[in-house]
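J.: Predicted model and sequence follow; I will ask about them next.
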Amino acid sequence: MSPQTEMPPHRRLLLLVLPVLVWFAYFLLTYAVIAVGCAFSIRRELFGFGIVQWIAAVSTIVTFAIIAVIGIQAFRRWREAHNAMKWRETTAAPDIDRLRFFALGTLLLSLLSLIATVWVGLPILIVPPCA
């Protein structure tokens, strides 16, 4: 049995929704920074881009990386559970099915969160804020 089968149910649920929580935190942080930057007219520039755009760019890249790592780990867990089910290496089929479900759900929510991160991040990076 893999160590994944010994994971408590509340941790599995947290891993399932973690990509969406990371995206939500990114969304709130990015738009809060832009709102404060526009409200206080922060116009400092660094290499031709405003400091607010740099903060948005860095937060977009960091968020994308975190969600991608979560998705890669979920894919590995799904593949491990899928192979165990395929070769019938275990007698705990319901437990393996549950692992496959949570891993696949996490993987799909990671993909959705990656798309949402790009969807939010591109306009912020292309269009100057406060324009």
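T.: Arrived safely.
J.: and the helix ranked longest in the chain, what other elements does it pack with?
T.: What stands out as the longest helix in the chain, according to DSSP state H, is helix 51-86. For helix 51-86, the packing partners by 3 or more C-beta pairs under 8 Å, 6 or more residues apart in numbering; DSSP states H and E come out as helix 9-39, helix 93-126. Where you see a C-beta, it was placed from the backbone N, CA and C, and this is true even at glycine.
J.: Could you check the last one and say which residues are buried?
T.: So that's helix 93-126. Buried residues in helix 93-126, counted by 16 or more other C-beta atoms under 10 Å: 95-96, 98-100, 102-107, 109-111, 113-114, 116-117, 120-121, 124.
J.: And for the shortest one?
T.: Residues of helix 9-39 classed as buried under the neighbour-count rule (16+ other C-beta under 10 Å) are 12, 15-16, 18-20, 22-23, 26-27, 30, 33-34, 37.
J.: With respect to Ile55, which of these is nearest?
T.: Closest to Ile55 out of the buried residues of helix 9-39 is Val33 (5.1 Å), distances taken as C-beta to C-beta.
J.: mind listing what that closest one touches?
T.: Val52, Ile55, Ala56, Ser59 (C-beta atoms under 8 Å, 6 or more residues apart in numbering).
J.: swap the cut-off to 7 Å and go again
T.: By C-beta atoms under 7 Å, 6 or more residues apart in numbering, the contact set of Val33 is Val52, Ile55, Ala56.
J.: before we move on, what about Ala103?
T.: Ala74, Arg77, Trp78, Ala81.
J.: Make TSV out of those and add pLDDT, neighbour count and distance to Ser41.
T.: Below are these laid out as TSV (pLDDT from 0 to 100; neighbours: other C-beta atoms under 10 Å; distance: C-beta to C-beta, whole Å):
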residue	pLDDT	neighbour count	distance to Ser41
Ala74	87	24	42
Arg77	85	22	47
Trp78	81	20	48
Ala81	77	24	53
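J.: Go through those residues and name the one nearest Pro8.
T.: Comparing these against Pro8 with C-beta to C-beta places Arg77 closest, at 15.0 Å.
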